[in-house]
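*Asks:* Fold the following, please.
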Amino acid sequence: MDQPSAARPMRADARRNYARIVECAREVFGEDGPEAPLDDIARRAAVGPGTLYRHFPNREALMEAVYRDSIERLSRRGYELLETQSPADAFEQWMREQVAFVMDRRSLATTLKALIDHDSEVFTLCRGLINDAAAALLKSAQDAGVIRTDIEARDMLRLGHGIGAACEKTPEAAERLLGVTLDGLRVCR
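*Replies:* Below you'll find the model as predicted:
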(Lines give C-alpha, C1' and ligand atoms only; values in the text may rest on other atoms or scores of the structure.)
Protein backbone atom coordinates (compact mmCIF):
# COMPACT_ATOMS: atom_id res chain seq x y z
CA MET A 1 0.00 0.00 0.00
CA ASP A 2 1.29 3.43 -0.83
CA GLN A 3 2.06 5.84 1.90
CA PRO A 4 -1.07 7.83 2.48
CA SER A 5 -1.46 10.55 -0.09
CA ALA A 6 -3.30 13.73 0.60
CA ALA A 7 -3.49 17.21 -0.81
CA ARG A 8 -0.41 18.09 1.18
CA PRO A 9 2.68 15.98 1.91
CA MET A 10 2.91 13.92 5.06
CA ARG A 11 4.59 15.67 7.96
CA ALA A 12 8.09 14.47 8.86
CA ASP A 13 6.89 12.84 12.11
CA ALA A 14 4.12 11.02 10.23
CA ARG A 15 6.65 9.72 7.68
CA ARG A 16 8.88 8.49 10.50
CA ASN A 17 5.91 6.79 12.20
CA TYR A 18 4.90 5.14 8.92
CA ALA A 19 8.42 3.80 8.33
CA ARG A 20 8.79 2.64 11.95
CA ILE A 21 5.43 0.84 11.85
CA VAL A 22 6.38 -0.98 8.63
CA GLU A 23 9.77 -2.01 10.02
CA CYS A 24 8.31 -3.20 13.32
CA ALA A 25 5.52 -5.04 11.49
CA ARG A 26 8.14 -6.87 9.41
CA GLU A 27 9.90 -7.93 12.62
CA VAL A 28 6.74 -8.94 14.48
CA PHE A 29 5.22 -10.77 11.50
CA GLY A 30 8.56 -12.54 11.02
CA GLU A 31 8.70 -13.60 14.66
CA ASP A 32 5.04 -14.31 15.42
CA GLY A 33 3.45 -14.77 12.00
CA PRO A 34 1.01 -12.63 10.07
CA GLU A 35 -1.72 -13.04 12.70
CA ALA A 36 0.37 -11.27 15.35
CA PRO A 37 -1.67 -8.70 17.26
CA LEU A 38 -1.52 -5.26 15.66
CA ASP A 39 -1.30 -3.78 19.15
CA ASP A 40 2.06 -5.57 19.55
CA ILE A 41 3.28 -3.85 16.38
CA ALA A 42 2.07 -0.45 17.58
CA ARG A 43 3.75 -1.00 20.95
CA ARG A 44 7.06 -2.00 19.35
CA ALA A 45 6.88 0.98 17.01
CA ALA A 46 6.25 3.23 20.04
CA VAL A 47 3.01 4.58 18.58
CA GLY A 48 -0.57 4.34 19.71
CA PRO A 49 -3.04 2.02 17.98
CA GLY A 50 -4.77 5.09 16.52
CA THR A 51 -1.57 6.09 14.73
CA LEU A 52 -1.17 2.60 13.31
CA TYR A 53 -4.78 2.54 12.07
CA ARG A 54 -4.51 6.04 10.57
CA HIS A 55 -1.73 4.75 8.32
CA PHE A 56 -3.08 1.22 7.88
CA PRO A 57 -6.85 0.82 8.20
CA ASN A 58 -6.59 -2.98 8.37
CA ARG A 59 -4.15 -5.88 8.63
CA GLU A 60 -4.12 -6.43 4.87
CA ALA A 61 -3.02 -2.83 4.22
CA LEU A 62 -0.15 -3.25 6.69
CA MET A 63 0.87 -6.59 5.20
CA GLU A 64 0.86 -5.08 1.71
CA ALA A 65 3.09 -2.25 2.95
CA VAL A 66 5.54 -4.72 4.52
CA TYR A 67 5.66 -6.81 1.35
CA ARG A 68 6.11 -3.76 -0.87
CA ASP A 69 8.84 -2.32 1.35
CA SER A 70 10.73 -5.63 1.34
CA ILE A 71 10.62 -5.90 -2.44
CA GLU A 72 11.57 -2.23 -2.86
CA ARG A 73 14.63 -2.76 -0.64
CA LEU A 74 15.79 -5.85 -2.52
CA SER A 75 15.23 -4.12 -5.86
CA ARG A 76 17.10 -0.97 -4.78
CA ARG A 77 19.96 -3.13 -3.60
CA GLY A 78 20.38 -4.50 -7.12
CA TYR A 79 20.85 -1.00 -8.54
CA GLU A 80 23.25 -0.07 -5.73
CA LEU A 81 25.37 -3.11 -6.56
CA LEU A 82 25.39 -2.19 -10.26
CA GLU A 83 26.77 1.24 -9.35
CA THR A 84 29.48 -0.02 -7.01
CA GLN A 85 30.64 -3.40 -8.34
CA SER A 86 31.62 -5.09 -11.55
CA PRO A 87 28.74 -6.66 -13.52
CA ALA A 88 29.81 -10.16 -12.46
CA ASP A 89 30.19 -9.26 -8.80
CA ALA A 90 26.90 -7.31 -8.76
CA PHE A 91 25.05 -10.25 -10.33
CA GLU A 92 26.52 -12.79 -7.92
CA GLN A 93 26.08 -10.63 -4.81
CA TRP A 94 22.45 -9.89 -5.65
CA MET A 95 21.76 -13.58 -6.25
CA ARG A 96 23.20 -14.25 -2.78
CA GLU A 97 21.05 -11.52 -1.28
CA GLN A 98 17.97 -12.79 -3.09
CA VAL A 99 18.54 -16.30 -1.71
CA ALA A 100 19.09 -14.89 1.79
CA PHE A 101 15.92 -12.80 1.44
CA VAL A 102 13.91 -15.86 0.45
CA MET A 103 15.36 -17.94 3.29
CA ASP A 104 14.82 -15.22 5.90
CA ARG A 105 11.43 -14.06 4.73
CA ARG A 106 9.99 -17.04 2.90
CA SER A 107 7.18 -17.89 5.27
CA LEU A 108 6.23 -14.25 5.70
CA ALA A 109 6.57 -13.43 1.99
CA THR A 110 4.65 -16.57 1.03
CA THR A 111 1.84 -15.68 3.42
CA LEU A 112 1.77 -12.07 2.28
CA LYS A 113 1.74 -13.07 -1.38
CA ALA A 114 -1.11 -15.50 -0.70
CA LEU A 115 -3.16 -12.74 0.93
CA ILE A 116 -2.50 -10.12 -1.74
CA ASP A 117 -4.64 -10.15 -4.85
CA HIS A 118 -2.28 -11.01 -7.71
CA ASP A 119 -4.05 -8.44 -9.87
CA SER A 120 -3.72 -5.76 -7.20
CA GLU A 121 -1.74 -2.60 -7.73
CA VAL A 122 0.72 -3.57 -4.96
CA PHE A 123 1.43 -7.03 -6.34
CA THR A 124 1.78 -5.69 -9.89
CA LEU A 125 4.15 -2.98 -8.70
CA CYS A 126 6.26 -5.45 -6.70
CA ARG A 127 6.47 -7.90 -9.58
CA GLY A 128 7.60 -5.07 -11.86
CA LEU A 129 10.20 -3.79 -9.38
CA ILE A 130 11.83 -7.15 -8.78
CA ASN A 131 11.71 -8.13 -12.47
CA ASP A 132 13.26 -4.81 -13.50
CA ALA A 133 16.08 -5.10 -10.96
CA ALA A 134 16.82 -8.68 -12.00
CA ALA A 135 16.74 -7.70 -15.68
CA ALA A 136 19.16 -4.82 -15.11
CA LEU A 137 21.63 -7.04 -13.25
CA LEU A 138 21.33 -9.81 -15.82
CA LYS A 139 21.70 -7.50 -18.83
CA SER A 140 24.78 -5.87 -17.33
CA ALA A 141 26.40 -9.27 -16.68
CA GLN A 142 25.40 -10.59 -20.11
CA ASP A 143 26.67 -7.45 -21.85
CA ALA A 144 29.97 -7.87 -20.01
CA GLY A 145 30.16 -11.42 -21.36
CA VAL A 146 30.23 -13.09 -17.96
CA ILE A 147 26.75 -14.66 -17.78
CA ARG A 148 25.13 -16.88 -20.40
CA THR A 149 22.74 -15.19 -22.79
CA ASP A 150 20.20 -18.01 -22.86
CA ILE A 151 18.60 -17.17 -19.53
CA GLU A 152 16.04 -14.52 -18.71
CA ALA A 153 15.50 -12.38 -15.63
CA ARG A 154 12.59 -14.57 -14.51
CA ASP A 155 14.92 -17.60 -14.68
CA MET A 156 17.32 -15.80 -12.38
CA LEU A 157 14.50 -15.09 -9.92
CA ARG A 158 13.24 -18.67 -10.10
CA LEU A 159 16.71 -20.04 -9.42
CA GLY A 160 17.24 -17.78 -6.41
CA HIS A 161 13.78 -18.52 -5.07
CA GLY A 162 14.24 -22.25 -5.57
CA ILE A 163 17.54 -22.32 -3.71
CA GLY A 164 16.17 -20.16 -0.89
CA ALA A 165 13.03 -22.25 -0.52
CA ALA A 166 14.97 -25.53 -0.64
CA CYS A 167 17.46 -24.34 1.97
CA GLU A 168 15.10 -22.67 4.41
CA LYS A 169 15.61 -25.51 6.91
CA THR A 170 19.20 -26.28 5.82
CA PRO A 171 20.81 -22.86 5.34
CA GLU A 172 24.30 -24.38 5.29
CA ALA A 173 23.51 -25.89 1.87
CA ALA A 174 22.55 -22.57 0.28
CA GLU A 175 26.05 -21.36 -0.56
CA ARG A 176 26.99 -24.70 -2.09
CA LEU A 177 23.86 -24.78 -4.27
CA LEU A 178 24.28 -21.16 -5.20
CA GLY A 179 27.92 -21.81 -6.17
CA VAL A 180 26.89 -24.65 -8.46
CA THR A 181 24.14 -22.50 -9.97
CA LEU A 182 26.44 -19.54 -10.55
CA ASP A 183 29.05 -21.81 -12.12
CA GLY A 184 26.38 -23.04 -14.53
CA LEU A 185 25.34 -19.49 -15.41
CA ARG A 186 28.84 -18.21 -16.13
CA VAL A 187 30.12 -18.06 -19.69
CA CYS A 188 32.74 -20.76 -20.21
CA ARG A 189 36.08 -19.29 -21.19
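
*Asks:* what is the mean pLDDT for the helix or strand where residue 156 lies?
*Replies:* Taking DSSP states H and E as the criterion, residue 156 maps to helix 153-166. For helix 153-166, the per-residue pLDDT values average out at 94.

*Asks:* Equivalent analysis for stretch 78-97, please.
*Replies:* pLDDT averaged over stretch 78-97 gives 98.

*Asks:* Then stretch 173-189?
*Replies:* 94.

*Asks:* Counting neighbours, what do you get for the nearest residue to residue 32 once chain neighbours are set aside?
*Replies:* Nearest residue to residue 32 in three dimensions, chain neighbours excluded: residue 40, at 7.3 Å (Cβ to Cβ, 6 or more residues apart in numbering). The C-beta positions use only the backbone N, C-alpha and C, and glycine is treated the same way. As a burial measure, residue 40 scores 14 neighbours (other Cβ atoms under 10 Å).

*Asks:* Next: the one 4 residues further on.
*Replies:* Residues contacting residue 44 under the criterion other Cβ under 10 Å number 17.

*Asks:* I'd assumed residue 29 was in contact with it.
*Replies:* No: here residue 44 does not reach residue 29: they are 11.2 Å apart, not a contact under Cβ atoms under 8 Å.
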